[in-house]
Each structure stands twice: as C-alpha cells, then as structure tokens.
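# Have a look at this prediction, sequence included:
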Amino acid sequence: MLKIAVLDIEVVGKDLERFLNLSAYHGITLLNIVKKEEQMICSIKAKDFFLLHHIIHKAKVKVRIRRKTGWYFQLKNIISKKIFILFLSIAIMIIPLFSQFLWKIEVDGNFKVSTDLIYEFLQKEGIYYRMPLKEIKGDELEKKLRKEFYDITWISVSVEGTTLKVRIKENDTYNPIKENLSQSDIVAEKSGEIESILVREGTRLVSVGEVVEKGAILIEGVRQVPTEDGTEVKKIPVAAKGDVTIVYEIPVSQRILLEYETKVYSGEELKKYILYTKKSVVNLNDNQLPFLQYDYYEEEITPYFFKILFPDFKIIERNYRDYLLYREKYQRKEAEGILRDDFHKIIKSLEEKGVQIIEKNVKIENDPISVSLEGKLKVREVFKEKNYRNE
C-alpha cells in the first residue's frame, strides 16, 4: 500500500480505551497499535490527525507526533532542500559582488578621542557604509585624522576584506586606568578573629585575638611621623602594606532528595529557525511543537553574506529534543557518596584560593525523604594589600 501521509503518534493518558472508542465512533482508523499502561503508540493518516482535537479533549489525553512518513512528507523535504540549495547558489554568486563594498568600520586603540567622533569625521570625509572600497584612500585619511585630532601620535587606516580598520595610538600622558596609589587600606573581607598581623607600611588598627566584622579596616594607609620637637604627630598618607591572618567559619549545608526525576531522550528532534534583530525576534517557522516535554540548544547559522549585508541581524537554529521524565530513587549510600564528593569539591576550591582548612565539623543526617550534610568549616585566610586598594 502506498503511504501518502501517515503520522506515528504517541498517546498518553489514563483513559486510553475511551480515546480508542471515540476514534472508532468518528471513523478514524488507528493502525499498528501498541499499548503499555498509560501510553499507546499507533499510526494515523495525516488528514485524520486534525480530527482528533475534540476527542483528545473528551478523553483527557495528550498526543504528540513521533514521526512523519509517506511520499507527501518526503516530497516536502525534497522541495525544502531544493529551495535551500537555490538560495545558497544565489548567495555564492552575489558574495563576490558585495565584497567590493564597505560593510563595517572598526576603530581600535582610542581612549581620549571617542569612537563616535571618529565616525562623524569619517562621514564628513565621505566615508559611509556600502560605498565602493576602491574610493577609500587610506593615506589621505591618515593625514587628515592626525591634523584633526592632536592627541593621536600614530594612525593606520587600512581596508581588510569589507572592513575599514582605523588603528590609533595616543600620547603617553593619558592613562585609561587611573589608580590613586597615594593612600590605601587593608580591610577584612570576612568576619572573624585576628590570628596574626604583620605591618610593613601604615598603622595597625586591630590586635591579635580581636574579633572583626567584614569591611573593618585592619591596617590604615597612614604613616604617623612625630614632629622634630615631639609635641605633635604628623600623618602622611601611604599605601598600606602587610599580612593579616583571620580565622573564621564557613557554614556547610547540602541536601539530596532520595526521589528525583531524570530525562530519557527519545531521539526525536525538531529544528526551528529564528531571526534576531536589535528590536525584535521573528520565528521563521512558527509551527506548534509536537512534543509533550522538551529542551533545546541554539546555534548561530547566519550566512557570511548575510552578516555583510545586515550586520545587526543574525539567524539562530534552535534544536528541540523530545524526552520523557522518569522517577528514579537513590539508595541512601549512593546519596551519601554524592554529598561526600560535593563536599570534597568545596574543600578543593577553598584550598585553590589559598584558604587553609583548620577543622571540619560536619556530619551526614538522614530523614525519610532525603540525606543531608550539615556543619561548619573552620578556616584560616591571609589578607594582603594587593587585594584592597582605595581610590
């Protein structure tokens, strides 16, 4: 028998018998029926599938399409592929044509002179998007830019592909990162007890054994120098330097439910294509998803010539994957093993940051539905000047 258009469908629900009876009553033929508890897989003609709407509502079931077969769908796929090949061929032919025009301008190395000012200057000089590349004269633009902006000490204007690149160096008197190194303090990033303190520059404000709060100043960026007669103390701003060791506690609380849900993928996937612009999102094939449960991942597939023509647009291929949720259960020893592994990862992460573990006071607790790890870590950390600088 020649299949014109047949759909393999999955029906999920508690009242599958009513669904079958209603389908038969309305003259809808279901083939290759396979039933298992509250799930049924069968085949149906595509023209009959759209008649199931009211039956699905009455029987309180959910239906999704698993596969499309028949020459109608095969022909549709062939036509889609031919259209794609046609557009690809056209794109290949027009790329050489569009590669002769300017589609992008890049400015690099500027701090004092803003990019907007350079764009405005280029526009006044007759540089604009989609202009022929052969009309751009880099040497003349370099001279005019140097004459217009005094802070530019070196400039290079070149055409690379369909991009005009303007590279700039400005005079050394400008530093984009301004740091006030005249005065800075060392402060506590954690609340805890001072274990030791070593001052190399500045004034100590705390003592060993003292409990401090997060944000407290430990070493102030001030050097106290007595006057010649010794009657007064002169305060000179400095960058505080030293090492302060603080002992503090980190609470640990992790919990795993014994019962959990896991995804089992059926292998069925559906692709959708989305056009993103600066102001809107357009679904190019806004068809209803046939999956009951799904997740997706995205990949940009914007053709090169499309990026050249429309730099603010991009095309995304979104791949939807069908899955079913199954309830699983951990054994208590398995759950405890997972908690221990996660706890060891926490320890390793702290040690990589230079935090020393003094004491581990944690324990595993069990209740009817979960396993948890509760307790505290006692740790030691050294705070230095390189991390605490006030502007």
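Great, that's in hand. Numbering: from 1, shown residues only.
# Helices of the protein, residue ranges please.
With DSSP state H, the ranges of helices along the chain come out as 16-25, 46-49, 53-59, 71-98, 115-124, 138-148, 304-309, 332-352.
# Quick one, which of these gets closest to residue 278.
Checking these against residue 278 by CB to CB gives helix 304-309 as the closest, at 14.4 Å. Quick note: C-beta positions are derived from backbone N, CA and C, even for glycine.
# And this protein, split by domain according to the record?
6-72, 104-170, 186-243, 252-258+330-384, 263-327 (automatic domain parsing).
# Of all those, which one comes closest to residue 95?
domain 263-327 (4.8 Å).
# number of nearby residues for the nearest residue to residue 237 once chain neighbours are set aside?
The shortest distance from residue 237 to any non-neighbouring residue, by CB to CB, 6 or more residues apart in numbering, is to residue 183 (3.7 Å). A count of nearby residues for residue 183, using other CB atoms under 10 Å, gives 17.
# Mind pulling the model confidence for residue 183?
Note on residue 183: pLDDT of 78.
# and it, what is it in contact with?
221-222, 237-239, 390 (CB atoms under 8 Å, 6 or more residues apart in numbering).
# any idea where the strands of the stretch 101-250 of the chain begin and end?
For the stretch 101-250 of the chain, applying DSSP state E, counting those that start in this stretch gives strands covering 104-108, 152-160, 163-170, 186-187, 192-201, 203-204, 211-212, 217-220, 222-226, 233-237, 241-257.
# Any idea which of those gets closest to residue 306?
strand 104-108 (13.5 Å).
# If you count neighbours, what's buried in the closest one?
105, 107 (16 or more other CB atoms under 10 Å).
# circling back: same list, the domains of the chain, but as a markdown table with distance to residue 82 and mean pLDDT please.
Shown next, in a markdown table, are the domains of the chain (distance: least, CB to CB, whole Å; pLDDT from 0 to 100):
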| stretch | distance to residue 82 | mean pLDDT |
| --- | --- | --- |
| domain 6-72 | 16 | 87 |
| domain 104-170 | 30 | 87 |
| domain 186-243 | 64 | 88 |
| domain 252-258+330-384 | 52 | 93 |
| domain 263-327 | 17 | 81 |
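# hang on, the earlier thing: export the helices of the chain as CSV, with columns for mean neighbour count.
Below are the helices of the chain laid out as CSV (neighbours: other CB atoms under 10 Å):
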stretch, mean neighbour count
helix 16-25, 16
helix 46-49, 15
helix 53-59, 14
helix 71-98, 11
helix 115-124, 14
helix 138-148, 14
helix 304-309, 16
helix 332-352, 13
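# Could you dump the strands of the stretch 101-250 of the chain into JSON lines with distance to residue 343 added?
Formatted as JSON lines, the strands of the stretch 101-250 of the chain follow (distance: least, CB to CB, whole Å):
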{"stretch": "strand 104-108", "distance to residue 343": "47"}
{"stretch": "strand 152-160", "distance to residue 343": "53"}
{"stretch": "strand 163-170", "distance to residue 343": "51"}
{"stretch": "strand 186-187", "distance to residue 343": "30"}
{"stretch": "strand 192-201", "distance to residue 343": "21"}
{"stretch": "strand 203-204", "distance to residue 343": "37"}
{"stretch": "strand 211-212", "distance to residue 343": "27"}
{"stretch": "strand 217-220", "distance to residue 343": "31"}
{"stretch": "strand 222-226", "distance to residue 343": "43"}
{"stretch": "strand 233-237", "distance to residue 343": "45"}
{"stretch": "strand 241-257", "distance to residue 343": "7"}
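# closest to residue 129 out of those?
Nearest to residue 129, of all the strands of the stretch 101-250 of the chain, is strand 104-108, at 7.6 Å by CB to CB.
# Tell me the strands beside the closest one, with direction?
Strands that pair with strand 104-108, judged by DSSP bridges, come out as strand 163-170 (parallel).
# Identify all contacting residues around the partner strand.
By CB under 8 Å, 6+ apart, strand 163-170 touches 102-113, 118, 122, 127, 136, 145, 151-159.
# Now it: buried residues?
For strand 163-170, a neighbour-count test (16+ other CB under 10 Å) marks 164-166, 168, 170 as buried.
# and the gap between the closest residue to residue 22 other than its chain neighbours and residue 30?
Nearest non-adjacent residue to residue 22, counting by CB to CB, 6+ apart: residue 55, 4.5 Å away. To residue 30, residue 55 is 11 Å away according to CB to CB, to the nearest Å.
# Next, the contact list for residue 195, please.
By CB under 8 Å, 6+ apart, the neighbours of residue 195 are 208, 245-247, 380.
# same thing with residue 135?
residue 126.
# and the gap between it and residue 318?
Distance of residue 135 to residue 318, given as CB to CB: 41 Å.
# Quick check: chain neighbours aside, which residue is closest to residue 13?
The nearest residue in space to residue 13 (CB to CB, 6+ apart) is residue 61, at 3.1 Å.
# is the residue nearest to residue 190 when sequence neighbours are not counted in a bridge, and if so with what?
With CB to CB, 6+ apart as the criterion, residue 190 has its nearest non-adjacent residue at 4.7 Å, and that residue is residue 248. On the basis of DSSP bridges, residue 248 is bridged to residue 379.
# residues contacting residue 355?
Residue 355 neighbours (CB under 8 Å, 6+ apart): 379-381.
# how about stretch 259-277 as PDB, C-alpha atoms only?
Taking C-alpha atoms only, stretch 259-277 is exported to PDB below (Å, rounded to 0.1, in the frame of the first residue of the first chain):
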ATOM      1  CA  GLU A 259      13.400  10.500  44.800                       C
ATOM      2  CA  TYR A 260      14.200  12.500  41.700                       C
ATOM      3  CA  GLU A 261      13.200  12.900  38.100                       C
ATOM      4  CA  THR A 262      15.500  12.000  35.200                       C
ATOM      5  CA  LYS A 263      15.200  12.800  31.500                       C
ATOM      6  CA  VAL A 264      15.200  10.000  28.900                       C
ATOM      7  CA  TYR A 265      15.600  11.300  25.400                       C
ATOM      8  CA  SER A 266      13.500   9.600  22.600                       C
ATOM      9  CA  GLY A 267      15.900  10.600  19.800                       C
ATOM     10  CA  GLU A 268      13.200  12.800  18.200                       C
ATOM     11  CA  GLU A 269      14.300  16.300  17.300                       C
ATOM     12  CA  LEU A 270      12.700  19.300  15.600                       C
ATOM     13  CA  LYS A 271      14.500  22.400  14.300                       C
ATOM     14  CA  LYS A 272      13.200  25.900  14.200                       C
ATOM     15  CA  TYR A 273      14.800  29.000  12.800                       C
ATOM     16  CA  ILE A 274      14.700  32.400  14.400                       C
ATOM     17  CA  LEU A 275      15.700  35.800  13.100                       C
ATOM     18  CA  TYR A 276      17.100  38.200  15.700                       C
ATOM     19  CA  THR A 277      17.200  41.900  15.200                       C
END
